[in-house]
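Trainee: The sequence and its predicted three-dimensional model are supplied below.
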Amino acid sequence: MSALLAKGFEVEMYTGRADGTVVGCSAEVAEALPGFVTEPDQRNLEYITPPEASYRRQLELLLEPRRRLRQWLAARGLTLLPGSTLSTGDSRRFERSDPANPYHAYIEASYGTRVVTASVHINLGLTAMDPLFASLRLLRCEAALLLALSASSPFLDGAPTGAHSQRWLQFPLTPPRVPLFLDHGHYVAWMEEQLASGAMQNVRHLWTSVRPNGPDRPRELNRVEIRICDLVADPLLLLAITAYAEVRMQQLLRQPERWDPLQASDLTPAELAELADANDRTAARSSLDATLQHWSDGSPIQARQWLRSNLETMAPLAAELGLTQLLVELESVLEHGNQAIDWLRRHRAGEAVGAIVASDAAALAKREAQLAKLVTDGRACLLG
């Protein structure tokens, strides 16, 4: 079996009551529990898993912090809530987790509650700069597909918004236009220009679908960070989406002339950047049902069809990497829909937003218990 890439996750989640009401407590959680950090608004919090190539081990790393967090929350009548926006409200006000933090003050003043979202960032490790930036280009041009799989924010303030990922439509992309980076030097020069002009407050203030990351940005980099995904609350589905992204990267590393958009597209880098951003917005509105433009030549293709085509081309390499079983998880999403599609279907059938969130919060707790048993029983070895 070929070597898998190191991977890790930044998971943001809302806390609240079992009836779906959001209740903020991130500052208290961060003080009480190691491994949890605050977001600017106290209604969501974040934990980070360390880099680890094994999907089985990453499942354990995703579950363990939640087990501790759930015990702390249960003692206070609270739980974890699925979804990536304030589904049950209230987006009219900002609830600061750290009123003395000047960067948080800047965030609130500049963006308000547009940033009060929950998501998952997927980090995949690469240390050679040319493969890293080639991977960045491919994932940027196909980021809409990852959003289509993960969309989970069709509601805001107790009502449907008309989108499948309200989070991505409302989140302030910063800077608003980001080029398709040609190489490491291009990225360094562009970053220095943004910082000098004030378009970015610091090196972390690059809020885009996919970005380079590392210990000393922009010069020292060691991973690609996928930021476009809505919260994928089910850890096993999150690992399946990650496996999909990893196999795409592994395909690129083996055949850059076929999969690097800089080499394999009829479009210019500027056109590719514009196409990618437009695809992201289209996927945010209708996810798997969206008609996107393929980066190879700009031709129209439905997101679901594009994903199926990619999975077909990936199958031999996925088998070689031991990831076939994990990718099977995506078949259910393609057939039955993602969380946003399911939630909207239930809402059209008469179920209230709060009831949907409450029901899936309970289902999530049960799912985590099932996966923990899978790990304990040793059956998670199938994950690779």
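Mentor: Perfect, I can see it now.
Trainee: Spatially central residue for the chain, please.
Mentor: Relative to the mean C-alpha position of the chain, the nearest C-alpha, by Cα atoms, centre = their mean, is the one of C229, at 2.6 Å.
Trainee: Would you confirm that that residue contacts L146?
Mentor: Yes: counting by Cβ atoms under 8 Å, L146 is a contact partner of C229 at 5.5 Å. From N, CA and C alone the C-beta is placed, and that goes for glycine too.
Trainee: Give the intersection of the neighbour lists for these two.
Mentor: I241 (Cβ atoms under 8 Å, 6 or more residues apart in numbering).
Trainee: Compute the first-to-last residue distance for stretch 137-154.
Mentor: Stretch 137-154 has an end-to-end distance of 28 Å (criterion: Cα to Cα, to the nearest Å).
Trainee: just checking, what packs against the longest strand along the chain?
Mentor: Longest strand in the chain by number of residues (criterion: DSSP state E): strand 7-16. On a contact count with 3 or more Cβ pairs under 8 Å, 6 or more residues apart in numbering; DSSP states H and E, strand 7-16 meets strand 44-48, helix 55-74, strand 79-81, strand 120-125, helix 235-254.
Trainee: and the second one, how far out from the chain's middle?
Mentor: Read it as helix 55-74. 18 Å (Cα atoms, centre = their mean, to the nearest Å).
Trainee: and it, what's its mean pLDDT?
Mentor: Helix 55-74 carries an average pLDDT of 98.
Trainee: mind listing the strands for this structure?
Mentor: Under DSSP E, the chain gives strands at 7-16, 36-38, 44-48, 79-81, 120-125, 155-156, 159-160, 210-213, 223-226, 291-293, 300-302.
Trainee: Flag every buried residue along the fourth one.
Mentor: It refers to strand 79-81. T79, L80, L81 (16 or more other Cβ atoms under 10 Å).
Trainee: quick one, what contacts the last one?
Mentor: With contacts defined as Cβ under 8 Å, 6+ apart, L81 is in contact with M13, Y14, T15, G16, G20, V22, S87, V357, A361.
Trainee: any chance of those residues in CSV, plus pLDDT, distance to R217 and neighbour count?
Mentor: As requested, these are exported to CSV (pLDDT from 0 to 100; distance: Cβ to Cβ, whole Å; neighbours: other Cβ atoms under 10 Å):
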residue, pLDDT, distance to R217, neighbour count
M13, 97, 26, 24
Y14, 97, 28, 29
T15, 97, 30, 24
G16, 97, 34, 25
G20, 97, 38, 24
V22, 97, 32, 22
S87, 98, 33, 30
V357, 98, 36, 25
A361, 98, 36, 21
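Trainee: Quick check: of those, which lies closest to E312?
Mentor: Ranked by distance to E312 (Cβ to Cβ), these are led by M13 at 33.4 Å.
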